[in-house]
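Q: Fold the following, please.
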Amino acid sequence: MPFRTPTEERTGFFVIHEHFATRHHFDLRIELDGLLKSWAIPKEIPLIPGEKRLAVQVEDHSLSYGTFEGEIPEGSYGAGKVLIWDKGTFFLKKRKSNEIVVELKGEKIQGTYILLRFTKEKNNWLLFQKNEKSKNT
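A: Sure thing, here's the model as predicted:
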């Protein structure tokens, strides 16, 4: 097992919800600061290294939401069916105000994922899987 820095030892859980709302999308939720930091991904989760996706940061959710599957009723924000698409643990490799790097260990997803905040649009991030052969980041 490779040596991990103190930051990398900080682990938690993540969940990816598939959300059949007005527009079908995925929600990436990562346990940070005692909450689930959340991003809506309008297209599917990137599974090929370097494939990029828009990730729009949305409101934080309580940790208990990490196990939620079910129907959000009509008339409520986010109305529609919610399924757990993947879940697992992660190592936090880097965290800055404009960059988060996590190594995900899920049932479907395995690898290092990077979230980079757009400079002009505060809630818009870029999500992609790191090419593990790359020496950068």
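Q: Now do the strand ranked longest in the chain, average pLDDT.
A: For the chain, the strand with the greatest residue count under DSSP state E is strand 80-96. Taken as a whole, strand 80-96 has a mean pLDDT of 96.
Q: Go ahead and measure how far that strand is from the middle of the chain.
A: Chain-centre distance of strand 80-96: 5 Å, with CA atoms, centre = their mean, to the nearest Å.
Q: for stretch 124-135, same thing?
A: That offset, for stretch 124-135, works out to 13 Å (CA atoms, centre = their mean).
Q: What residues sit buried inside that stretch?
A: For stretch 124-135, the neighbour count (16 or more other CB atoms under 10 Å) marks W125, L127, F128, Q129, K130 as buried. (Glycine included, C-beta is placed from N, CA and C.)
Q: same thing with stretch 33-48?
A: L36, K37, S38, W39, A40, I41, I45, P46.
Q: And the residues you listed, which is closest to I16?
A: The shortest gap between I16 and any of these belongs to I45, at 6.1 Å (CB to CB).
Q: Need the residue closest to the centroid of the chain.
A: L28 (3.1 Å; CA atoms, centre = their mean).
Q: need the contact list for E132.
A: P49, G111, T112 (CB atoms under 8 Å, 6 or more residues apart in numbering).
Q: from these, which is closest to A79?
A: Nearest to A79, judged by CB to CB, of these is G111 at 32.4 Å.
Q: Next, count neighbours for the closest one.
A: 16 (other CB atoms under 10 Å).
Q: average pLDDT for the helix or strand that contains it?
A: Assignment of secondary structure by DSSP states H and E places G111 within strand 110-117. Regarding strand 110-117, the rounded mean pLDDT is 96.
Q: Hmm, P42 and L127 touching each other?
A: No - using CB atoms under 8 Å, L127 is not in contact with P42; the gap is 10.8 Å.
Q: which neighbours do those two share?
A: With CB under 8 Å, 6+ apart as the test, L127 and P42 both reach R53, L54.
Q: Any regions of the protein where pLDDT drops low?
A: Along the chain, segments meeting pLDDT under 70 span 1-10, 133-137.
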